[in-house]
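1. Curious how this folds, go ahead:
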Amino acid sequence: MSFLDECFPKVGEEKFLKSYWPERAVVNHGPMSRFLSLENIPELEDIEEFLKSCNRKGVNAQVDLPDKRDEHHRIENLNANDALKLFNLGMNLRIARVHDVIPSVREILRKLEHDLGLSEATGATSLVYISPKGKAAGMHWDANANFVVQILGKKKWRFAPNKSIKYPLRRYAVSMNGHDVSRWPVELPKKMPQESTNVILKPGSAMYLPRGWWHDTEGVEPSLSLNFTFTQIPFSEIMASVIRQRLNRHEQWRQLAFGMTGSHLNQRQKLEKTMNDLIQTFLGDIGTLKASDLINEFERSHGSVAGQDFKFRKEKGVTIDLNRTKAMVRFSSGNELAIDMSAELLTTISWISKQNGEFMFKDVCDATPHVSEPGVYRLLKKLEDAKILVEVK
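-> Numbering: from 1, shown residues only. Next up, the predicted model:
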């Protein structure tokens, strides 16, 4: 049974994918026992125990401050023990990358991403929201698709389709008080639509909320929910990403665009002439683009599953030493290169440094599952560009 079947047994995976994904919301109430994939996870049986687990694994929390001004008033990266104290004072908590705390959640996330037909380049993550009794989140929309499983306590949701902006690419909250409002082409509502759906999620309830839908929440009692979110790739991102890569291969497009301020008339005129010439060249090139070329290039550059066939090895004479914050690379020429990396990427480099022969992209992903596949691929290509690795054709 898939996770979608567990979430929505009355609908089932096949009907969900055909009739709901990715445009329509759906809610299913039922016993928590149907979630076989979430059985025997002690961290999710108690709020305090979950936060203790976060603290042991060095995973911090985000705390919403009590004035409720959404993301503009919050504490980032707070120690989980201190976050628990603020939760007991009535503040909401958000813990990202729950799959770093609970390994089985990582497997659910990957399988769900696969079942939804999403690329590995999708921004997929898992989160836990811990809410006290009272208001949890004001009216807003998110720029990702959201699957919610209510684990502990009860939480009230109101949600409605967004008739103002379809397929938004960034989050917006009414409480932003003017922030970003001018960027939207229409006037946005300040209250939840009259046709909003009201539901109370209780342990065992599951909900799918599409990207961009209005919603707000209220804690009926102290609660904990597990969320899986997916930042979907729009057509514009595929097109813009591939075109940017193609343009950057040519030195003419990498020139400084001097004269942008318009303070020097002659420079401005020269800038416009150069740009017009480049546009004409670009229009000729874009006419030869095919959809398959765009998709293949995007997948390759973003570490899609197609990259699992790629093979690498270290350049001859390269040695890699690591400390807590950086990797020191020494080349056969005697030159050295210091690379600053996050802790999780340093563990990936540590694995690579121990390889004496050829290895596959998939080998690195399997050895360092705490790093996303796109993250691994980007790291490998960065090391290749620095002449630390070479791709074996």
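2. pLDDT below threshold where in this protein?
-> For the chain, applying pLDDT under 70 flags the ranges 67-72, 120, 177-184, 261-265, 302-309, 324, 343-344, 370, 372-374.
3. ranges for the helices of it?
-> Secondary structure of the chain, counting by DSSP state H: helices at 3-7, 12-15, 47-56, 80-88, 103-115, 235-248, 265-286, 291-301, 343-353, 361-367, 373-385.
4. export those to TSV and tack on mean neighbour count and distance to V329?
-> C-beta here means a position set from N, CA and C on the backbone, and glycine is covered the same way. Shown next, in TSV, are the helices of the chain (neighbours: other CB atoms under 10 Å; distance: least, CB to CB, whole Å):
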stretch	mean neighbour count	distance to V329
helix 3-7	21	41
helix 12-15	14	46
helix 47-56	19	33
helix 80-88	18	35
helix 103-115	17	30
helix 235-248	14	25
helix 265-286	12	36
helix 291-301	15	23
helix 343-353	17	9
helix 361-367	18	17
helix 373-385	19	9
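5. for the protein, which residue is closest to the average position?
-> Centrality entry for the chain: nearest residue to the mean C-alpha point is G123, 3.1 Å, by CA atoms, centre = their mean.
6. could you measure it against L188, distance?
-> Going from G123 to L188 by CB to CB, to the nearest Å gives 24 Å.
7. repeat for M207
-> Distance, M207 to L188, using CB to CB: 23 Å.
8. The two: who's more crowded?
-> M207 (23 against 15; other CB atoms under 10 Å).
9. that older thread, I'd assumed T231 was in contact with the residue nearest to the centre of the chain.
-> Yes. Using CB atoms under 8 Å, G123 is in contact with T231, at 3.3 Å.
10. my guess is E6 contacts F35, does it?
-> Yes. Because the distance of 5.1 Å satisfies CB under 8 Å, E6 is recorded as touching F35.
11. Count the neighbours of M176 for me.
-> 16.
12. The helices of the chain: which one's closest to V27?
-> Closest approach to V27 among the helices of the chain (CB to CB): helix 3-7, 9.8 Å.
13. Can you name the residues bridging to T125?
-> Counting by DSSP bridges, T125 forms beta bridges with T229.
14. ok, it - contacts?
-> Neighbour list for T125: A96, R97, H99, L109, F228, T229 [criterion: CB atoms under 8 Å, 6 or more residues apart in numbering].
15. Recalculate using a threshold of 10 Å.
-> The contact partners of T125, by CB atoms under 10 Å, 6 or more residues apart in numbering, come to A96, R97, V98, H99, L109, N144, N227, F228, T229, F230, T231, S372.
16. List the residues that contact the second one.
-> Applying CB under 10 Å, 6+ apart to R97 gives the contacts 54, 57, 59-60, 105-106, 109, 125-128, 344, 370.
17. From those residues, pick the one nearest K163.
-> Closest approach between the contacts of R97 and K163, by CB to CB: L127, at 26.9 Å.
18. Can you list the residue ranges for strands in the stretch 1-150 of the chain?
-> 26-28, 61-64, 74-78, 93-96, 123-131, 134-141, 145-152 (DSSP state E, counting those that start in this stretch).
19. Rebuild the contacts of R97 as JSON lines, extending it with distance to G12.
-> Formatted as JSON lines, the contacts of R97 follow (distance: CB to CB, whole Å):
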{"residue": "C54", "distance to G12": "34"}
{"residue": "K57", "distance to G12": "35"}
{"residue": "V59", "distance to G12": "34"}
{"residue": "N60", "distance to G12": "38"}
{"residue": "V105", "distance to G12": "23"}
{"residue": "R106", "distance to G12": "25"}
{"residue": "L109", "distance to G12": "21"}
{"residue": "T125", "distance to G12": "26"}
{"residue": "S126", "distance to G12": "23"}
{"residue": "L127", "distance to G12": "26"}
{"residue": "V128", "distance to G12": "27"}
{"residue": "E344", "distance to G12": "36"}
{"residue": "H370", "distance to G12": "33"}
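20. Wait, G375 touches P369, no?
-> No. Assessed by CB atoms under 10 Å, G375 is found out of contact with P369, at 11.2 Å.
21. which residues does R313 bridge with?
-> V390.
22. and A367, what is it in contact with?
-> Contacts for A367 (CB under 10 Å, 6+ apart) come out as T347, T348, S350, W351, I352, K354, Q355, F359, V376.
23. So which of those is the closest to L201?
-> Nearest to L201 among the contacts of A367, counting by CB to CB, is V376 at 35.1 Å.
24. contacting residues around the closest one?
-> V376 neighbours (CB under 10 Å, 6+ apart): 120, 303, 307, 345, 348, 352, 361-369.
25. Which single one of the residues you listed is nearest to F282?
-> Checking these against F282 with CB to CB, the nearest one is G303 at 26.7 Å.
26. count of neighbours near the residue nearest to N79 when sequence neighbours are not counted?
-> Nearest non-adjacent residue to N79, counting by CB to CB, 6 or more residues apart in numbering: N60, 6.2 Å away. Counted with other CB under 10 Å, residues neighbouring N60 total 18.
27. and if you look at A386?
-> 14.
28. what does G58 give?
-> 11.
29. can you list the domains in the chain?
-> 3-231, 234-301, 304-393 (automatic domain parsing).
30. Please name the residues that touch V149.
-> Counting by CB under 10 Å, 6+ apart, V149 has contacts 3, 6-7, 32, 35, 37-38, 44, 108, 201, 203-207, 224-228.
31. same check, this time on H140
-> Contacts of H140 (CB under 10 Å, 6+ apart): 70-71, 171-176, 213-217.
32. burial measure for S196, as a count.
-> Residues within reach of S196, counting by other CB under 10 Å, total 17.
33. my bad, should have said S33
-> Counted with other CB under 10 Å, S33 comes out at 9.
34. nearest residue to it other than its sequence neighbours?
-> Nearest to S33 is G204, by CB to CB, 6+ apart, at 7.7 Å.
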